[in-house]
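Chemist: Sequence first, then the predicted structure:
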Amino acid sequence: MNLTKLLTIATLIIFATQPIVAQESSTKEAQDIRAKVEQKIEEALKNPKAYIGSITDKTEDTLQIKNSGGEIQLVSVDVDATNFVQINKTTKKIKFDDIAIGDFIIAMGYRNGNEVLEAKRILSTLPIEPPKRKIVMGNIINIEKKEIATRELGGQETTFTFPKKWKGPDIKELSIGNKIIIVSTEIEGKDTIRTIHLIESPTPTAGN
């Protein structure tokens, strides 16, 4: 066989194998991408989650709850493996039978591909109440350490407590007579300031 024939055969072999190599490379790339996606899904499913709400239905191994947004969520329970705890004034272990429709729970565990939470631990407790917010406009009638008192237009007086941080002027920048707007939240029975806005300062008297 002469040199020309050898070169021709070699060229045909190279061109014939190129699509196969390209196809194998494309297939491998697709497999790698799929493996990464599956890994991400698996990691997401293993990430601990919590479902919080009131029980609306109960079976032998599942709980249906409604969360604060009105969404229905399902919780699967392994009676022998899931840990049940009641938290009120005291904390104590309970059983699945002690949980009833209407109870407020925090279910913690791992969510499966069907969005069902496989519960590892369930806390039965009192409902989480939204913070009581108050908005008041009035004049400062007293300033004492970390507290100020205001009087509204209708004559109602309220005392507010300053936390470590809040939005608005510092206490030293406020004076009796200032007209202010306060947004507060009730914390441990006290109206605690979140935001304070100075509307106007008292009009200075003649000679001052």
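Modeler: Alright, I've got the coordinates. Residues are numbered from 1 along each chain as shown.
Chemist: Show the end-to-end separation of stretch 109-123, please.
Modeler: Distance between the two ends of stretch 109-123: 12 Å, counting by C-alpha to C-alpha, to the nearest Å.
Chemist: Ignore what I typed, I meant stretch 185-196.
Modeler: Start-to-end span of stretch 185-196 (C-alpha to C-alpha) is 12 Å.
Chemist: Stretch 167-184 too?
Modeler: One end of stretch 167-184 sits 11 Å from the other (C-alpha to C-alpha).
Chemist: Show me which residues of that stretch are buried.
Modeler: Going by neighbour count (16 or more other C-beta atoms under 10 Å), the buried part of stretch 167-184 is Gly168, Leu174, Asn178, Ile180, Ile182, Val183, Ser184. (Each C-beta comes from the backbone N, C-alpha and C, glycine too.)
Chemist: closest to Gly102 among the residues you listed?
Modeler: The closest of the buried residues of stretch 167-184 to Gly102 turns out to be Ser184 (C-beta to C-beta; 32.1 Å).
Chemist: mind listing what the closest one touches?
Modeler: Neighbouring residues of Ser184 by C-beta atoms under 8 Å, 6 or more residues apart in numbering: Arg133, Lys134, Ile135, Val136, Phe160, Asp191, Thr192, Ile193, Arg194.
Chemist: and the closest residue to it other than its chain neighbours, what are its bridge partners?
Modeler: Using C-beta to C-beta, 6 or more residues apart in numbering and skipping residues adjacent in sequence, the residue nearest Ser184 is Asp191, 4.4 Å away. With DSSP bridges as the criterion, Asp191 is bridged to Glu186.
Chemist: ok, Asp191 - contacts?
Modeler: Asp191 sits in contact with Lys134, Thr158, Thr159, Phe160, Thr161, Ser184, Thr185, where contact means C-beta under 8 Å, 6+ apart.
Chemist: would you list the contacts of Ser184 in TSV and tack on secondary structure and pLDDT?
Modeler: Shown next, in TSV, are the contacts of Ser184 (DSSP: H, G, I helix; E, B strand; the rest coil; pLDDT from 0 to 100):
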residue	secondary structure	pLDDT
Arg133	strand	83
Lys134	strand	85
Ile135	strand	87
Val136	strand	89
Phe160	strand	94
Asp191	strand	89
Thr192	strand	90
Ile193	strand	91
Arg194	strand	91
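Chemist: before we move on, the earlier item: just name the closest of the buried residues of stretch 167-184 to Phe96, please.
Modeler: Out of the buried residues of stretch 167-184, the member with the shortest distance to Phe96 (by C-beta to C-beta) is Ser184, at 41.5 Å.
Chemist: Surely that closest one forms part of a helix?
Modeler: No - going by DSSP: H, G, I helix; E, B strand; the rest coil, the assignment for Ser184 is strand, not a helix.
Chemist: Can you check the pLDDT for it?
Modeler: For Ser184, the pLDDT comes out at 90.
Chemist: Asn114 now?
Modeler: pLDDT recorded at Asn114 is 85.
Chemist: go on, Ile94?
Modeler: At Ile94, pLDDT is 92.
Chemist: and it, what are its phi and psi?
Modeler: Ile94 adopts backbone torsions of phi -130, psi -180, taken as degrees, to the nearest 10.
Chemist: Can you give me every residue that contacts the residue most central in space within the chain?
Modeler: The residue lying closest to the centre of the chain (C-alpha atoms, centre = their mean) is Ala50, at 9.7 Å. Counting by C-beta under 8 Å, 6+ apart, Ala50 makes contact with Ile106, Ala107, Met108.
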